[in-house]
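# Generate a structure from the sequence data that follows.
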Amino acid sequence: MNTIKQYLLSLQQENNITDLNDIEILVKKHASELSFTSIPVLLKKELSLELSMIIEKIVEKKEGGYCFEHNKLLFEALKYSGFDVKSLLGRVIKNKDITPPKTHRFILLNYEDERYIVDVGFGYMSPSKPIKFGDVPTTTHLGIKYRVKEHENEIFSLEVVLDEDFYTLYQFDLKTCYEVDFELSHFYSHRHKSATFVNNFVLSCILEEEVRSIRNSSYHKIFADYTKKINIESSEQLQEILKLEFSYPISVDEVQYIYNNFVRTK
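Sure thing, here's the model as predicted:
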């Protein structure tokens, strides 16, 4: 079976994807069923960016992944469906005045003479629909608002409204990126000793009315009007959360390793 057809079939989206509404449905299905996580990085697994290997890891084995895998998979599905898309790299700044390396892969969509960001690879803060370029915010799941703002020197930023103000998630330009660029950034992101995903346990999924997100020792269940925080205090508790809340396939020994090195120590 064609790998993209396999991916779409797994999300019950095998019918033609022809417009923004179809893309939104696909994005929501992807974000709810295919988890974003650093677990394979922390377990030091080999992370190939070959499409067939991404399909095997994320779609078949349900082991989840991060931006270089999730957004490549969605990019290939949109391209397969006939959309005008390209993959870009951004700098994750999280509202700070810094210039980090380009370590985030996302999708630029051109549709009916308008530009959009499509991104299923920014963890629990990923937008659940295409975000149109411009100052007017787009409202997504749980009423969360995003916008793509243009700055000087052809620099753009994806921003989200937090505490009634705009918070910059990442900055980017529109220069063409190639697979070798993604491979290099991917290598840094899952191998370099100071990389975020090498040093932190993260796991999330975005449901229609709830976002579930783990970062190290804290599990957050985020709703439209409140957030429930749960402290993870044992490997047994972590095992139960992974099984019941995320249906994540992981052994008892692997859970113990994650807990000992990235939960108990944080």
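
# so where's this protein shaky on pLDDT?
1-2 (pLDDT under 70).

# Can you give me the distance of L169 to E236?
34 Å (Cβ to Cβ, to the nearest Å). Any C-beta I mention is one placed from the backbone N, CA and C, and that applies to glycine too.

# Compare those two (neighbour count), which wins?
Ranked by neighbour count (other Cβ atoms under 10 Å), L169 and E236 place L169 first, with 23 against 12.

# Show the contacting residues for E24.
The contact partners of E24, taken as Cβ atoms under 8 Å, 6 or more residues apart in numbering, are S128, K129, P130.

# can you tell me the helix or strand for it?
E24 is part of helix 20-33, with elements assigned from DSSP states H and E.

# now the next helix or strand after that helix: how far from the chain's centre is it?
Next along the chain after helix 20-33, taking DSSP H and E as the criterion, comes strand 36-37. Strand 36-37 sits 7 Å away from the centroid of its parent chain (Cα atoms, centre = their mean, to the nearest Å).

# The chain should start at 338 in everything you say after this.
Fine by me, first position is 338 from now on; the one you just mentioned is strand 373-374.

# name the helices or strands packed onto strand 373-374?
strand 539-543 (3 or more Cβ pairs under 8 Å, 6 or more residues apart in numbering; DSSP states H and E).

# The strand it packs on pairs with which strands, parallel or anti?
The strands beside strand 539-543 in its sheet (DSSP bridges) come out as strand 373-374 (antiparallel), strand 548-552 (antiparallel).

# Please identify which of those strands is closest to F493.
Taking Cβ to Cβ, strand 373-374 is the member of the strands paired with strand 539-543 nearest to F493, at 22.5 Å.

# Not counting the closest one itself, show me its contacts.
By Cβ under 8 Å, 6+ apart, strand 373-374 touches 400-403, 407, 457-461, 463, 539-542, 585.

# One more: stretch 348-360?
In contact with stretch 348-360 (Cβ under 8 Å, 6+ apart) are residues 342, 345, 362-363, 366-367, 370, 414-415, 418-420, 446, 448, 453, 455, 466-467.

# quick one, what contacts the nearest residue to D456 once chain neighbours are set aside?
Spatial nearest neighbour of D456, excluding adjacent residues (Cβ to Cβ, 6 or more residues apart in numbering): F443 at 4.3 Å. The contact partners of F443, by Cβ under 8 Å, 6+ apart, come to 404, 408, 424-425, 427, 454-456, 458-459, 495, 507, 509.

# Report the beta-bridge partners for F443.
L425.

# So which of the contacts of F443 are in strands?
Among these, the members falling in strands (DSSP state E) are S424, L425, G427, I454, V455, L495, Y507, F509.

# For the nearest residue to H523 once chain neighbours are set aside, give its distance to S554.
Sequence neighbours aside, F405 is the residue nearest to H523 in space, at 4.3 Å (criterion: Cβ to Cβ, 6+ apart). Distance of F405 to S554, computed by Cβ to Cβ: 26 Å.

# cool, and G460?
With Cβ to Cβ as the criterion, G460 and S554 are 17 Å apart.

# These two - which one has more neighbours?
Between G460 and S554, G460 has the larger neighbour count (other Cβ under 10 Å), namely 22 against 17.

# residues touching that one, list them.
F373, Y403, V539, S541, S550.

# Likewise for I551?
Counted by Cβ under 8 Å, 6+ apart, I551 has contacts F538, V539, L540, S541, H557, I569, I578.

# The closest residue to the fifth one other than its chain neighbours: how many residues sit nearby?
In space, not counting the residues next to it along the chain, H557 is nearest to S550; the distance is 4.8 Å by Cβ to Cβ, 6+ apart. Here the count is done by other Cβ under 10 Å, and S550 has 19 residues near it.

# and the gap between N353 and N447?
19 Å.

# sorry, back to before: of the contacts of I551, buried ones?
F538, V539, L540, S541, I569, I578 (16 or more other Cβ atoms under 10 Å).

# Among those, which pair sits farthest apart?
S541 and I569 (14.3 Å).

# Distance to K394 for the strands paired with strand 539-543 - can I get that in JSON lines?
Below are the strands paired with strand 539-543 laid out as JSON lines (distance: least, Cβ to Cβ, whole Å):
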{"stretch": "strand 373-374", "distance to K394": "11"}
{"stretch": "strand 548-552", "distance to K394": "19"}
